[in-house]
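Peer 1: starting from these lines, generate the structure:
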Amino acid sequence: MQKEATATSNKILFINTITFTICFAAWMLNGVLVTFLTSNQLYDWSLSEIGWLIGIPVLTGAIFRLPAGILTDKYGGKPIMTALLLLCSIPMFLLYFANSYWGFALCSFGFGLSGASFAVGIGFTSVWFSKERQGFALGVFGAGNAGAALTTLLAPSLLLYFTDNLENLDGWRKLPLTYGAILVLTAILFALFSTNKKPESGTKTLAKQLAPLKEIRTWRFGLYYFLVFGCFVAFSQWLVPYFVNVYSLTLVTAGVLASLFSFPSGVIRALGGWLSDKFGGRTVMYWVLFGSVFISFLLIVPKMEITSPGKGVMAKQDGVVTSISSTEIVVNDFHYKIDERVAFIGDDLDEETYILPTKEIWQEAIVKVGDNVEKKQLLAKGITKIYFQANVWIFAILVILIGSIWGIGKAAVYKYIPEYYPEQVGVVGGIVGVLGGLGGFVCPIIFGYLLDSTGLWTSCWIFMFFLSVICLIWMHQVIQKMMHNKHPEMMKNI
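Peer 2: Below is the predicted model of the structure:
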């Protein structure tokens, strides 16, 4: 790292951020493309197969972050990032020719290398800034996550354009060609305008570079990043089919709403870096994890209708049923009032906005005229119907909030790394990035299997709730242990 930021430092930060944004947009391509292909019945893939196709590029980006970080620390960011962009463009171009599931899978595995650009950019950015400004600088660089929003926002419209408004569905193949061309152009511009620089740790042996793998702290940071980054990546793609299936929205509208989740989460990362510099990573992460627990809990409740037995009407004496109407039952000369079903709330469920659950209660006679009844016999059964709309706009607001919270958390996690590993930011950042990227790979697959097994789209939020709770408990226990051992000097940035 260097002591003071210069004009070159700011130029490199700008170039890195733009490049990472392009790479992230390419990395997230399958969320939109696979949904388009299946919703238009070009391919008949199951939910679990869709989950795999969405997750495969993320897996590649995850597992290659560590070697990319090591290479960046050794050779500097300029040659590694340039080579990475050119390498990713090849399978992106080849996707044009894909006609099978395995063809898609192989090409997806290839262009998924674009996700490793994060480890390159983290290492390349950190060497240009002082310790006091690294949190903010890495936060600005991480705003490139907004590339996910570019894909979810623009790719659906491009698909409509390339397919002549769905008249020529095979026109989808022009989309990966466009992405491949952009990757090549970005590589050329990066090579022309960036300046290479390596950290002092570039001379260390591989064994010394990988030493942080032995520390539990590294894995704890990785779990935090699994949540705030991996789940962000997963939902950046999963929300597109979520909106299409749960709320019957068009692909374009679903893409816009998904981009409203992705864009703020990426941009706000810079704010997260500033907050981490000012208040410390620990304080920021506490609020992030509390927020994640609370909002994911609110999102657990699905759009649903529940019909349940309600309060019935019982005979107070023996007798014979002489009359039945929609409002009463007469037994001998005794009149029993029953609640009539005045209106069916289902008639306007999707037309009105219901924030809270709505209920309807009525009673229906289960006896007939002329029946002999005994005291305490049930004359009319009660029926209660509860409807929860899970309104799309309220859902979208909550999703934007949790995405923004995760965006702040992404910067807070990476505030830790230069503090503990100032000369191994690329390597440790790569390790943590691998674990975070694995979240982006594993989660869509988990979501798919949870959906298949439960039939609930909100099962993904149940998973988020428990994962957030685990992170919060582990962090709190570590802090309490350090307080118990009376090491206040270590409490600042745990």
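Peer 1: give me the element the residue nearest the centre of the chain is part of.
Peer 2: By C-alpha atoms, centre = their mean, the mean C-alpha position of the chain lies nearest to residue 235, the distance being 2.6 Å. Following DSSP states H and E, one finds residue 235 within helix 231-247.
Peer 1: in that helix, what counts as buried?
Peer 2: 231-244, 246-247 (16 or more other C-beta atoms under 10 Å). Backbone N, C-alpha and C define where each C-beta goes, glycine included.
Peer 1: stretch 291-311 now?
Peer 2: For stretch 291-311, by 16+ other C-beta under 10 Å, it's 291, 292, 293, 295, 296, 299, 302, 303, 310.
Peer 1: got the contact list for the last one?
Peer 2: So the one you mean is residue 310. 361, 362, 363, 381, 382, 383, 384 (C-beta atoms under 8 Å, 6 or more residues apart in numbering).
Peer 1: would you double-check that the last one falls in a strand?
Peer 2: Pointing back at residue 384 there. Yes - under DSSP: H, G, I helix; E, B strand; the rest coil, residue 384 falls within a strand.
Peer 1: can you pull the contacts of it?
Peer 2: 307, 308, 309, 310, 359, 360, 361 are the contacts of residue 384 under C-beta under 8 Å, 6+ apart.
Peer 1: my read is the first one is in a strand, agree?
Peer 2: Yes - the assignment for residue 307, made by three-state DSSP, places it in a strand.
Peer 1: doesn't residue 381 make contact with it?
Peer 2: No - using C-beta atoms under 8 Å, residue 307 is not in contact with residue 381, being 11.7 Å away.
Peer 1: so where's this structure shaky on pLDDT?
Peer 2: Along the chain, the model assigns pLDDT under 70 to residues 1-5, 131-132, 200-213, 266, 343-355, 418, 420, 422-426, 484-494.
Peer 1: how about the helices in the stretch 1-150 of the chain?
Peer 2: For the stretch 1-150 of the chain, the helices defined by DSSP state H, counting those that start in this stretch cover 7-27, 29-39, 47-63, 65-75, 77-94, 101-111, 117-126, 134-142, 147-162.
Peer 1: next: the stretch 201-350 of the chain.
Peer 2: Going by DSSP H, counting those that start in this stretch, the stretch 201-350 of the chain shows helices at 206-209, 216-225, 231-247, 251-267, 269-279, 281-298.
Peer 1: could you dump those helices to TSV with distance to residue 458?
Peer 2: Output for the helices of the stretch 201-350 of the chain, formatted as TSV (distance: least, C-beta to C-beta, whole Å):
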stretch	distance to residue 458
helix 206-209	42
helix 216-225	23
helix 231-247	9
helix 251-267	16
helix 269-279	27
helix 281-298	10
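Peer 1: residue 157: which of the ones you listed is closest?
Peer 2: helix 251-267 (6.2 Å; C-beta to C-beta).
Peer 1: between helix 29-39 and the closest one, find me the angle.
Peer 2: For helix 251-267 against helix 29-39, the angle by axes from the mean of the first three to the mean of the last three C-alpha atoms, to 10 degrees is 170 degrees.
Peer 1: what sits closest to the residue nearest to the centre of the chain if chain neighbours are left out?
Peer 2: Excluding the flanking residues, the one nearest residue 235 by C-beta to C-beta, 6 or more residues apart in numbering is residue 261, at 6.5 Å.
Peer 1: ok, now which ones touch the one you found?
Peer 2: 149, 235, 236, 239, 396, 399, 400, 403.
Peer 1: on that earlier part again, closest to residue 368 out of the buried residues of helix 231-247?
Peer 2: residue 246 (42.7 Å).
Peer 1: which ones are touching that closest one?
Peer 2: Residue 246 neighbours (C-beta under 8 Å, 6+ apart): 303, 390, 457.
Peer 1: in CSV: the residues you listed, plus distance to residue 220.
Peer 2: Formatted as CSV, the contacts of residue 246 follow (distance: C-beta to C-beta, whole Å):
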residue, distance to residue 220
303, 36
390, 34
457, 31
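Peer 1: residue 129: which of those residues is nearest?
Peer 2: residue 457 (42.2 Å).
Peer 1: ok, that closest one - how many residues close by?
Peer 2: Residue 457 has 20 neighbouring residues, counting by other C-beta atoms under 10 Å.
Peer 1: quick one: it and residue 451 touch, right?
Peer 2: Yes - using C-beta under 8 Å, residue 457 is in contact with residue 451, at 6.2 Å.
Peer 1: SS state for residue 361?
Peer 2: Secondary structure of residue 361, reduced to three states by three-state DSSP: strand.
Peer 1: run through the bridge partners of it.
Peer 2: residue 384 (DSSP bridges).
Peer 1: neighbours of it, how many?
Peer 2: By the other C-beta under 10 Å criterion, the neighbourhood of residue 361 contains 13 residues.
Peer 1: tell me how far it lies from residue 112.
Peer 2: If you measure residue 361 against residue 112 using C-beta to C-beta, to the nearest Å, the figure is 53 Å.
Peer 1: what's the answer for residue 333, then?
Peer 2: Residue 333 is 80 Å from residue 112, where distance means C-beta to C-beta.
Peer 1: higher neighbour count, those two?
Peer 2: residue 112 (28 against 7).
Peer 1: shouldn't that one be in contact with residue 57?
Peer 2: Yes - the pair residue 112 and residue 57 qualifies as a contact (C-beta under 8 Å) at a distance of 3.1 Å.
Peer 1: what touches both of the two?
Peer 2: Among the neighbours of residue 112, those also in contact with residue 57 (C-beta under 8 Å, 6+ apart) are residue 27.
Peer 1: so what's residue 24 closest to, chain neighbours aside?
Peer 2: Sequence neighbours aside, residue 147 is the residue nearest to residue 24 in space, at 3.1 Å (criterion: C-beta to C-beta, 6+ apart).
Peer 1: wait, the one you found sits on residue 21?
Peer 2: Yes - at 4.2 Å, residue 147 counts as touching residue 21 under the criterion of C-beta under 8 Å.
Peer 1: compare those two and say which one has the larger neighbour count.
Peer 2: Higher neighbour count among residue 147 and residue 21: residue 147, with 27 against 22, using other C-beta under 10 Å.
Peer 1: what's the span of stretch 365-382, first residue to last?
Peer 2: Counting by C-alpha to C-alpha, to the nearest Å, you get 9 Å between the two ends of stretch 365-382.
Peer 1: nope, stretch 107-123 is what I was after
Peer 2: Stretch 107-123 end-to-end distance (C-alpha to C-alpha) = 27 Å.
Peer 1: list the buried ones in that stretch?
Peer 2: Those would be 107-108, 110-123, for stretch 107-123 by 16+ other C-beta under 10 Å.
Peer 1: distance from the chain centre to that stretch, please.
Peer 2: Its chain's C-alpha centre and that of stretch 107-123 lie 18 Å apart, by C-alpha atoms, centre = their mean, to the nearest Å.
Peer 1: got it, and stretch 67-84?
Peer 2: Worked out by C-alpha atoms, centre = their mean, stretch 67-84 lies 28 Å from the chain centre.
Peer 1: ok, stretch 281-299 next?
Peer 2: For stretch 281-299, the distance to the chain centre is 14 Å (C-alpha atoms, centre = their mean).
Peer 1: same check on stretch 472-486?
Peer 2: Put simply, stretch 472-486 sits 28 Å off its chain's centre (C-alpha atoms, centre = their mean).
Peer 1: so for it, what gets flagged as buried?
Peer 2: 472, 475, 479.
Peer 1: next: stretch 178-185.
Peer 2: Using 16+ other C-beta under 10 Å as the test for burial, stretch 178-185 gives 179, 180, 182, 183, 184.
Peer 1: what helix or strand is the first one located in?
Peer 2: Secondary-structure element containing residue 179, defined by DSSP H and E: helix 174-193.
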